[in-house]
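> Model the structure of this input:
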Amino acid sequence: MDSQLVDPYELQLRKALNKVLPDAYECLKTLDQMPSEIGMNLLAVLVNYACESQNITVITLARDSMKKIPLKWLTQYYPEVVNRSIDWADEWQYIRLLELTREVAPQLLKVFIDRGLFSENDEIHESAEYFRSKQN
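Numbering: from 1, shown residues only. I've put the predicted structure just below:
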């Protein structure tokens, strides 16, 4: 890989994934063939980048990377990884999570909307209501 031709945000994401597993960025399509703990750690990196970042390029890179993961594996492990990765009191992370879920695992969106509907945080509750209204 020629680092002069790669977006610096992509390099940042690659480095974060490579800390978990060398060349992980190129192996996301085979995540289902890796030990589940390694796969879940890689998924956690991507969820964190997609939900905590403030930069749209970083968010988009993480989302696009997650789309490479086999859907069956993703839907199996996604809820567990999300539950241990997301700050459920942070409305920014919650909104990014709903956007991410809508893109990569829409069949799981209702689960996370429902969780937000029970939140005592007004912004999170309002976001959940908004996403619920868009589902109908």
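> Spell out for me which residue occupies the centre of the protein.
By C-alpha atoms, centre = their mean, the chain has its centre lying nearest to residue 47, at 2.8 Å.
> Report pLDDT for that one.
Listed pLDDT for residue 47 reads 98.
> I'd like the distance between it and residue 122.
Using C-beta to C-beta, to the nearest Å, one obtains 24 Å as the distance from residue 47 to residue 122. (C-beta placed from N, C-alpha, C; glycine too.)
> Residue 42 too?
Distance check for residue 42 against residue 122: by C-beta to C-beta, it reads 34 Å.
> Over to residue 44?
From residue 44 across to residue 122, the span is 28 Å (C-beta to C-beta).
> related to what we said a few turns ago, pretty sure the residue nearest to the centre of the chain is touching residue 82, no?
Yes - counting by C-beta atoms under 8 Å, residue 47 touches residue 82, with 6.0 Å between them.
> Mutual contacts of those two, please.
residue 97 (C-beta atoms under 8 Å, 6 or more residues apart in numbering).
> Is the residue nearest to the centre of the chain within a helix or a strand, and which one?
Assigned by DSSP states H and E, residue 47 falls within helix 36-52.
> For the closest residue to residue 68 other than its chain neighbours, give me its contacts.
Closest residue in space to residue 68, ignoring its immediate chain neighbours: residue 28 at 4.1 Å, by C-beta to C-beta, 6 or more residues apart in numbering. By C-beta under 8 Å, 6+ apart, the contact set of residue 28 is 42, 65-66, 68-69.
> possible to save those residues as a markdown table with neighbour count and pLDDT?
Output for these, formatted as a markdown table (neighbours: other C-beta atoms under 10 Å; pLDDT from 0 to 100):
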| residue | neighbour count | pLDDT |
| --- | --- | --- |
| 42 | 26 | 98 |
| 65 | 23 | 97 |
| 66 | 22 | 97 |
| 68 | 16 | 97 |
| 69 | 23 | 97 |
